[in-house]
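Sequence and predicted model, in that order:
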Amino acid sequence: MKITREEILHLAKLSNFELNESEIDSLGADLENIIGYISQLNELDTDGVEPTYQVFEMENIWRDDEIQPQEATREDLLALTTESIQDQIKVPKVL
């Protein structure tokens, strides 16, 4: 499959990459090799093979929440902050 220069530039734009001329040519060759390699999978006979969604068994391990006693008091924790207002930690704006 031949990949055009426009397709490479489009992919670079979507990926927010800046490419120079030599990188465009090199990336085009690399992408063609990758797609050629992946296209070999089309030659495999997969009739009767169940799709694999996960390669190993995974299971959630649930536990009961247990409230553990804490040695630190509100005052101890507020003393560790650089700035607090009305018993609350003041943090910088995120927006």
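Perfect, I can see it now.

distance of the residue lying closest to residue 2 once chain neighbours are set aside from residue 55?
Of all residues not flanking residue 2 in the chain, residue 32 sits nearest, at 7.0 Å (CB to CB, 6 or more residues apart in numbering). To be clear about C-beta, it is placed using only N, CA and C from the backbone, and glycine gets the same treatment. Separation of residue 32 from residue 55 (CB to CB, to the nearest Å): 29 Å.

Compare these two and say which is more crowded by neighbours.
It is residue 32, of residue 32 and residue 55, that has more neighbours when counted by other CB atoms under 10 Å, with 13 against 6.

can you pull out the strands in the protein?
Applying DSSP state E to the chain gives strands spanning 84-85, 88-89.

out of these, which comes closest to residue 25?
Between residue 25 and those, the tightest spacing by CB to CB is seen for strand 88-89, at 53.7 Å.

quick one: average pLDDT of that closest one?
Average pLDDT, strand 88-89: 90.

So which other helices or strands are in contact with the longest helix along the chain?
When the chain is parsed with DSSP state H, its longest helix is helix 21-39. If you count contacts as 3 or more CB pairs under 8 Å, 6 or more residues apart in numbering; DSSP states H and E, helix 21-39 packs onto helix 5-14.

Give me the angle between the helix it packs on and helix 21-39.
For helix 5-14 against helix 21-39, the angle by axes from the mean of the first three to the mean of the last three CA atoms, to 10 degrees is 100 degrees.

and helix 5-14, how far out from the chain's middle?
Put simply, helix 5-14 sits 21 Å off its chain's centre (CA atoms, centre = their mean, to the nearest Å).
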